[in-house]
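> just need the structure, nothing else, for what follows:
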Amino acid sequence: MSNIDTGVQERRQQSHRMIEELVGVRDQMLSLYSELAAQHPFKNEDSVSELLEQFCQMLIDYTADTHFGLYRYVDEKRERRRAVLDMADRIYPTILATTDSILDFNDKYDFESKREDIRLEALEQDLSKLGESLADRIELEDQLIQVLSKWRA
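Residues are numbered from 1 along each chain as shown. Got it, this is the predicted structure:
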């Protein structure tokens, strides 16, 4: 096997690991989302607050993994396949818009302030809006993952 083939194979393995990590964190985040949504009607109870805090942290971890893993990988020109680059360019503006929704939600329910300052009256509506953004984002990520996987062989 030539050095070029070895380099290509190493990059493909790296992208495969990155995809597995992203999907794993995403699954954990979605699980917490479901668990939190099931707590409706929301009350200012410690269990809801603790779950909300865990969810927000996982949501930020997931968002960071996507940006600093998947998109940085593409942006830093470590990805060379044209189909992958084209797909990333096409979906990235929408991914950024969903990131804004994620950050807005996190800012509103951020527990760096005092836990008792968090108001849960709008949580159902905010979770619904966030869920729509997450669904859009996941659909786009899956399109990119499909292109990455298709060309990985």
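> so who does the residue nearest to residue 39 when sequence neighbours are not counted touch?
The spatial neighbour of residue 39 that comes closest, neighbours along the chain excluded (Cβ to Cβ, 6 or more residues apart in numbering), is residue 48 at 5.1 Å. Using the backbone N, CA and C atoms, a C-beta is placed for each residue, glycine as well. Shown in contact with residue 48 (Cβ atoms under 8 Å, 6 or more residues apart in numbering): 36, 39, 42, 120.
> per-residue confidence at residue 126?
For residue 126, the pLDDT comes out at 95.
> and it, which helix or strand is it part of?
helix 123-150 (DSSP states H and E).
> what are the ranges of the strands in this structure?
Counting by DSSP state E, one finds no strands in the chain.
> select the longest helix from this protein.
When every helix of the chain is counted residue by residue (DSSP state H), the longest turns out to be helix 3-37.
> counting contacts, what elements does that one pack onto?
Using 3 or more Cβ pairs under 8 Å, 6 or more residues apart in numbering; DSSP states H and E as the contact criterion, the neighbours of helix 3-37 among helices and strands are helix 46-65, helix 72-75, helix 123-150.
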